[in-house]
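> output the structure for:
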Amino acid sequence: MWRRIADSPDVTVYHAESDGRPVGTACLSILPTITYNCRPTAFVEAVVVRYDHRRRGVARLMLESVLDTARRKSCFKVQLLTHKRHAIDGAHDLYRSLGFEASGGTVKRTV
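So this is what the prediction gives:
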């Protein structure tokens, strides 16, 4: 899977380390579009931080890097995919503090 991700020019995995050990990840996918003046859309998912490193700014630093990349790539919008259970664990508070707004119009299907 790492080879496949590495070979994709439109997917980037961000990771955070502490003392040389991984403590967090976030995945950014850039989707080219013919709408929005041909500006791409950024999708963020798999934002995960080890329990013993939460509430230390790890996710914020990764997401700030993700958003910086989206700006540099001239993305029209950034969509962050998250589970509703994170509304009560503080993750949605972090996302709002970074400018994300909840949207109830998401439709998904598991294949």
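> got the buried residues for the lowest-mean-pLDDT helix or strand in the chain?
Using mean pLDDT, DSSP states H and E, helix 2-7 stands out as the lowest-scoring helix or strand of the chain, at a mean of 88. For helix 2-7, the buried set under the neighbour-count rule, 16 or more other Cβ atoms under 10 Å, is empty. C-betas here are computed from N, CA, C, even on glycine.
> now find how far off-centre that helix is within its chain.
Centroid displacement of helix 2-7 relative to its chain, using Cα atoms, centre = their mean, to the nearest Å, is 18 Å.
> on contacts alone, who are the packing partners of the helix or strand following it?
Next in sequence after helix 2-7, counting helices and strands by DSSP states H and E, comes strand 11-18. Contacts defined by 3 or more Cβ pairs under 8 Å, 6 or more residues apart in numbering; DSSP states H and E place strand 11-18 against strand 21-31, helix 58-72.
> who does the helix or strand that comes right after the shortest one pair up with?
Right, the one you point to is strand 21-31. Next in sequence after strand 21-31, counting helices and strands by DSSP H and E, comes strand 41-49. If you go by DSSP bridges, strand 41-49 pairs up with strand 21-31 (antiparallel), strand 77-80 (parallel).
> which parts of strand 41-49 are buried?
Neighbour-count burial for strand 41-49 flags 41-44, 47-49 (criterion: 16+ other Cβ under 10 Å).
> name the nearest of these relative to Ile30.
Checking those against Ile30 with Cβ to Cβ, the nearest one is Ala42 at 5.6 Å.
> distance of that closest one relative to His15?
18 Å (Cβ to Cβ, to the nearest Å).
> swap in Leu81?
Distance of Leu81 to His15, given as Cβ to Cβ: 18 Å.
> ok, now Ile34?
Ile34 sits 32 Å away from His15, taking Cβ to Cβ as the criterion.
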